[in-house]
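>>> Coordinates only, no sequence provided:
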C-alpha cells in the first residue's frame, strides 16, 4: 500500500470548513484513498473513499487531485464533535478480495475550537 | 441495524492470565478483523477471519489466537498475558470496501 503523509495536527473554528490534506505521491492506479477518523477511545469511523473522482456524502467531501498524488478531506461545517484523529489510507480495494487489512499511519489530530 | 458489538468494554487481568474478547459483526457480514491499538500507537493488524476460517495473521506471537463461530461472531484469546498487551482491541466487520469498527475492549494487564 502507498505511504501517506499528513500534518500531525491542526485547529479549526467551530462552524467553519476544515480542510485536511494528505499526500500520497506513490499511489498506483488501482489504489483508493480512504478516510477514517477516531474519536478519543472509540473505534475508528469510516468517513469516505474515492479512486479518482471527487466524492461527497453526508459527512464530508473528498477532493483528489488530477494526478492523484494528493487529496483533501473537507468537513464543511466543523462541530465540536468532529474533534478526532483523522486517518488517510491508500490501498487496493475492495479490502476483502485483496485479503488485507487497513494500515493506519499517524493521522492528523484535529481540534475544533468554539 | 446494530453495528459491530464488542464485549466486555473493559477487562482487567494480571500477568500470566488469559483474556477472552468477543465480537459480533454487523448482521450479514461474514468477515471479522481484529486489531490492537496500544496507547499512542496506530492500529496493528492481528487476525482476519472469514467464513469461519483464519485467512490472515499479523506479526503477533502464537499466544494471540482466535476463532470464528458459525454465526460469524468471533473470539480473540490472549494467553500468558504480558504487561505490554495492555491496549484497546478493536474488531471490525466488512462489507464491500468498508470496514466498520466496534467500540473496542480496553484490556489492562497489571
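The structure has been received and is ready for your questions. The shown structure was predicted, so the numbers you read here are calculated from the model rather than taken from an experiment.
>>> which residues of chain A fall in helices?
Per DSSP state H, chain A carries helices over the ranges A:95-98.
>>> Tell me the residue of it that sits nearest chain B?
Closest to chain B within chain A is residue A:43: 3.3 Å, counting by Cβ to the nearest Cβ. For the C-beta atoms, the positions are set from N, CA and C on the backbone; glycine is no exception.
>>> ok, so what distance separates residue A:47 from residue A:55?
10 Å (Cβ to Cβ, to the nearest Å).
>>> Residue B:30: neighbouring residues, count only.
15 (other Cβ atoms under 10 Å in any protein chain shown).
>>> Ramachandran coordinates for it?
Backbone torsions for residue B:30, taken as degrees, to the nearest 10, come to phi -110, psi -10.
>>> separation between it and residue B:73?
Residue B:30 is 11 Å from residue B:73, by Cβ to Cβ.
>>> quick one on the thing from earlier: for the residue of chain A closest to chain B, which non-adjacent residue is spatially closest?
residue B:101 (3.3 Å; Cβ to Cβ, 6 or more residues apart in numbering or on different chains).
>>> rewinding a little: do you know the pLDDT at the residue of chain A closest to chain B?
pLDDT recorded at residue A:43 is 91.
>>> where does chain B come near chain A, residue by residue?
B:4, B:31, B:33, B:35, B:42-43, B:45, B:48, B:50, B:55-56, B:58, B:88, B:90, B:92, B:94, B:96-104, B:106 (Cβ under 8 Å from any Cβ of the partner chain).
>>> Filter those residues down to the ones in strands?
Here DSSP state E is the test, and the residues of chain B next to chain A give B:31, B:33, B:35, B:45, B:48, B:50, B:55-56, B:88, B:90, B:92, B:94, B:98-101, B:106 as lying in strands.
>>> Counting neighbours, which of the residues you listed end up buried?
B:31, B:33, B:35, B:45, B:48, B:50, B:88, B:90, B:92, B:94, B:98-101, B:106 (16 or more other Cβ atoms under 10 Å in any protein chain shown).
>>> my guess is residue A:107 meets residue A:5, correct?
No: look at residue A:107 against residue A:5 with Cβ atoms under 8 Å: they stay out of range, at 11.0 Å.
>>> and those two? which has more neighbours close in?
residue A:107 (25 against 13).
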